[in-house]
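> Sequence plus the predicted model coming up.
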Amino acid sequence: VSIKRRNGSSGSSALSPGASKVVGQTKYAVDIYRDGMLFAALVRSPHAHARIVGVDAGPALALDGVLDAITADDLPDRRYGPYIQDQPILARQKVRYVGEPVAAIAAVDEKTARMACSLVSVSYDKLPALFSPLDSLGSDAYVHDRVEDYVANNQNLKRHGNVCMEMHLARGDVEAAFAICDRVFEGSYQTQAVHPLHMEPHAAIAEWTPDGRLTVWSSAQEPFVARDMLAHVLDVPKSDVRVVAPPLGGGFGGKEAIRLEPICSELARRTRRPVKITLTLEEELGATSPRPPMTIRIKTGVMLDGTIVVRDADILCDSGAYGYHAIGEASYAALTVVGPYKMQAASAKAQCVYTNNLSFGCIRGYGVTHATFASEVQLDEIARELGMDPLDLRRRNAAQEGDVEITGQPLTSVTLASTLEAAAQAANWSSVRARGRSVGRGFGVACAYKGIGAQGAKARVDIGTDGRATVHSGTIDFGTETQTGLGLIAAEGLGIPPGMVTVSLGDTATGLFDIGSVGSRVLHDAGQAVLLAVADVLEQIAEHGAKLLGVGKADVAVENGAVTTPLRPGVKLSFAAVAEHASSVQKRAIVGTGTYKNRNLGIPGAGTSSGYVLNPMNTYAFATHIAEVEVDVETGKVRVVQVVAAHDVGRALDMSAVKGQIEGGVAMGVGAALSEELVMREGRVLNPNMIDYRVLTALDMPTVTPLVLESQDQSGPFGAKGIGELPYLPIVPAIINAIRDAVGTSPHKIPVTPERLLAAMDESRQSVPPPSTADPKSAIGQRT
Amino acid sequence: MVDHDSSATLSRVVWINDVRRSLNAAADATVLDSLRDDIKLTGTKKTCDTGDCGACTVLLNGRPVTACLVLAVELTPDDRVTTIEGLSEIPTFKLLVERIVAAGAFQCGYCAPGFMVSIWAHVQALNSDRANDIRSSLAGNICRCTGYERIVAAVDGMQA
């Protein structure tokens, strides 16, 4: 089957919610106001680590308009977490980071609730705090008393002391491989806390029915996961909880799991009124879950011709106060730190370590952001040392179909080489390099890959008696044209026009369990589930159609939205007629369900693993970015002039939406490379506002040329992969490599602020230039 | 400290989308909060509340302002506030919406109403021959999804 691709623009189809968003009609969670609704606000810890001695909410409760106050003592003693259940809803006995919620107030309006929070008096006994993972590793004091006592969601999770995750993946004889290398390069690379900074803050509204059933409207990327976690921490049956995720004003990984839902649920239960919580930007940037800072040490062994032989990496991840999604980020960084390259052997270790910084989470790319930065910057340094064109180095080592990743899993539909060639051609790479450049102007290249689909999915498709199809998926809408993607897949599978399909997202009352809109998985996983549900629907239509036609099921064909049979030429039943017959005569509804299972490749024999908690990926997508920068050598300020972004997407179902994802990912990447960093001192975020945490404006954008390459992926629906995260990955090292091309050096720590760049330039001027030698084997780089 | 009994009665009656409406005019009440919480005009969005992101851009007497930085108590009875809901009634604005939607300019769409108000002001300025550059006109509006490319492309070079 080949799907009809939309070359036209997204947002203009019947399936797209674009128009109502533009005129402000779309109701995001923050826009929901229920009758009699109260507003809640949070009392937050001013300390990074302290014992809670007592909480006195008396003065707050005395304030006019305040209805209720809760602390951890009012909630079941239950913890949650995506990998380890270490996090309480409100701090219990101890606070572990600045800004951790300690109590919550419900009042008639938001201002009153916030004012009341300032009247709650909490007494603390301050405890010594840990702010760096290295200190935590060497400390006898623990952020959590006994990490082993917490429930782990995966039995492989290894933990001890301040370490909440420790893992090792390896393939081949690493030691022997290093021994045959001509050169060995070693470097250490540091990433920063980057906030997703979705424009819509976190918001949740809870409301109970008199018979004890709970509905929560939440800005949740994972409504079903949120429902399950919410039921767990409140100790109520899942079936009594409904989570509805209206369209989200952005997420980028910042709105996973739960955060505010249990608090407003408990306040709503106690006050018998709907309760809403919305975070301020200061709370978002200062007390939620940015991606964790990591230090990545990489040792790479190569031959003089540029062939990569072996790589060994060690990742130290600051988990912050809880394991949360930092565990996943660190694990995924370890999985991908070898990069999309062929090599004989590889080893990657990761440790995720508790500190008293924020409870770190995840962002677009889920750990691969860190690994790609470190890996691709080192590859450029290697190329420079070997005197090779950095693009040639990547060409020489690019993974091919059937090459295996570090787990031993074979890579399929590998298209890295074609993205390299497309990007090189569009950027005139060879002539640009041959021409030579003035100081301050440079070009950089970087590649990346991202796994797609790891959890499977479920979906439901109903055919109404009007012949229209409704697709129910537990994914959500946050601007990735999910309605368009899933709707087109259903329409194509059913053989009806897209205008006959409605896509309903994000409601646990109508959908089937789905882990949500994360990991670039929706189009691939949920799309496959929709196709399976469509197959189920077509079976039922054939069955009911055959009965209506009075023939056997084997004698009917379902094509182009109609049922026909050669036994009765000229007779054509519409889906509406079949559904109506099924309903009124057979007393059956046409409801198809689909369960798409992960291919579950496991860790094949080729690799060894310990402590590894992620699922294998179904497929991979590949990309190459080339960036051109201008560096002001006096001030250290970097301007990204243009970016060529070549992406393999499998099959592009909506070309405009794909290009929009590429442009948006590049914009976020420029921020991560040059300006975005939550600066923390003793656990306190110093820049929780949009002036000091700087994201790109329209004036800062480089010219972006998205190149969409298509391939036929065997794994996804109609050959589609996924595009959400990948554009954010190669852009960062491409910029850093361009900076090095421009001025001869670049810091190993991002973001490359003017201060950091000037310091690196000073340092490189002071250092002795590398000796040029007849025997390159003895030159820079340690020989093992 | 706000006296809640009297704050409910403090108000400013102004033109909102060409209708006389009453805004909460307590000393610390912003036009943004009153539009959203009291009048339930939720098309105007709130993100930073410090005038940095542009999500709450509305027209005040025809000029774009961030509603989070305007206190209702500052307004006079003649002042005219136009929100995205008000603009949406204008036929030429509807053409602009069609153009933007056809370009797939926005993704999550949360910042879109604020952008649309700024874009409208930009287009009006073009008509009055005041020189302005689209990127400069939109520099006060932050979008985290799109990279601005499709928004700029959809507006660039157009005349209202």
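Yep, it's here.
> Show me the beta-bridge partners of the residue of the stretch 501-650 of chain A found nearest chain B.
Taking C-beta to the nearest C-beta, chain B has its nearest neighbour within the stretch 501-650 of chain A at A:Val643, 9.7 Å off. From N, CA and C alone the C-beta is placed, and that goes for glycine too. In this entry, A:Val643 is beta-bridged to A:Ala627, A:Val704, by DSSP bridges.
> who's in contact with it?
Residues near A:Val643 by C-beta atoms under 8 Å, 6 or more residues apart in numbering or on different chains: A:His625, A:Ile626, A:Ala627, A:Glu628, A:Val666, A:Val670, A:Pro702, A:Thr703, A:Val704, A:Thr705, A:Ile731, A:Ala734.
> Would you list the buried entries among those?
Taking 16 or more other C-beta atoms under 10 Å in any protein chain shown as the criterion, what is buried in the contacts of A:Val643 is A:His625, A:Ile626, A:Ala627, A:Glu628, A:Val666, A:Val670, A:Pro702, A:Val704, A:Thr705, A:Ile731, A:Ala734.
> do you know how far the residue of the stretch 501-650 of chain A closest to chain B is from A:Leu707?
Distance, A:Val643 to A:Leu707, using C-beta to C-beta, to the nearest Å: 11 Å.
> Show me the shaky parts of chain B.
B:1-9, B:129-131, B:157, B:159-160 (pLDDT under 70).
> who's in contact with the residue most central in space within it?
In chain B, the residue lying closest to the centroid (C-alpha atoms, centre = their mean) is B:Val58, at 2.2 Å. B:Val58 makes contacts with B:Val31, B:Leu35, B:Thr44, B:Pro64, B:Val65, B:Ala67, B:Val81, B:Thr82, B:Thr83, B:Ile84, B:Val117, as judged by C-beta under 8 Å, 6+ apart.
> Under a three-state scheme, what state does the second one occupy?
If I follow you right, that is B:Leu35. helix (DSSP: H, G, I helix; E, B strand; the rest coil).
> got it, and the fourth one?
Under three-state DSSP, B:Pro64 falls in the strand class.
> repeat for the last one
Three-state assignment for B:Val117 (three-state DSSP): helix.
> Could you measure from the nearest residue to it once chain neighbours are set aside over to A:Lys458?
Excluding the flanking residues, the one nearest B:Val117 by C-beta to C-beta, 6 or more residues apart in numbering or on different chains is B:Thr57, at 4.4 Å. In this view, B:Thr57 and A:Lys458 are 41 Å apart by C-beta to C-beta.
> higher neighbour count, these two?
Shown here are B:Thr57 and A:Lys458; by other C-beta atoms under 10 Å in any protein chain shown, B:Thr57 has more neighbours (28 against 24).
> what sits against the more buried one?
B:Thr44, B:Pro64, B:Val65, B:Thr66, B:Ala67, B:Pro113, B:Gly114, B:Phe115, B:Val117, B:Ser118, B:Gly140, B:Asn141.
> in chain B, what residue is nearest chain A?
Here chain B gets closest to chain A at one residue, B:Gly43, 2.2 Å apart by C-beta to the nearest C-beta.
> For the nearest residue to A:Trp429 once chain neighbours are set aside, give its distance to A:Gly744.
If the residues on either side of it in the chain are set aside, A:Trp429 comes closest to A:Leu391, at 5.7 Å by C-beta to C-beta, 6+ apart. Noted for A:Leu391: a distance of 19 Å to A:Gly744, by C-beta to C-beta.
> Among the two, which residue is more densely surrounded?
More neighbours surround A:Leu391 than the other of A:Leu391 and A:Gly744, with 24 against 15 (other C-beta under 10 Å).
> so which helix or strand takes in the residue nearest to A:Trp429?
helix A:390-397 (DSSP states H and E).
> by how many degrees do the next helix or strand after that helix and helix A:390-397 diverge?
Counting by DSSP H and E, the next helix or strand C-terminal to helix A:390-397 is helix A:416-426. For helix A:416-426 against helix A:390-397, the angle by axes from the mean of the first three to the mean of the last three C-alpha atoms, to 10 degrees is 160 degrees.
> tell me which residues of helix A:416-426 are tucked away?
Neighbour count says helix A:416-426 has A:Leu416, A:Ala417, A:Ser418, A:Thr419, A:Leu420, A:Glu421, A:Ala422, A:Ala423, A:Ala424 buried, by 16+ other C-beta under 10 Å.
> For the residues you listed, give me JSON lines that also has distance to A:Leu674 and pLDDT.
Shown next, in JSON lines, are the buried residues of helix A:416-426 (distance: C-beta to C-beta, whole Å; pLDDT from 0 to 100):
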{"residue": "A:Leu416", "distance to A:Leu674": "26", "pLDDT": "96"}
{"residue": "A:Ala417", "distance to A:Leu674": "29", "pLDDT": "97"}
{"residue": "A:Ser418", "distance to A:Leu674": "29", "pLDDT": "97"}
{"residue": "A:Thr419", "distance to A:Leu674": "24", "pLDDT": "98"}
{"residue": "A:Leu420", "distance to A:Leu674": "24", "pLDDT": "98"}
{"residue": "A:Glu421", "distance to A:Leu674": "28", "pLDDT": "98"}
{"residue": "A:Ala422", "distance to A:Leu674": "25", "pLDDT": "98"}
{"residue": "A:Ala423", "distance to A:Leu674": "21", "pLDDT": "98"}
{"residue": "A:Ala424", "distance to A:Leu674": "24", "pLDDT": "98"}
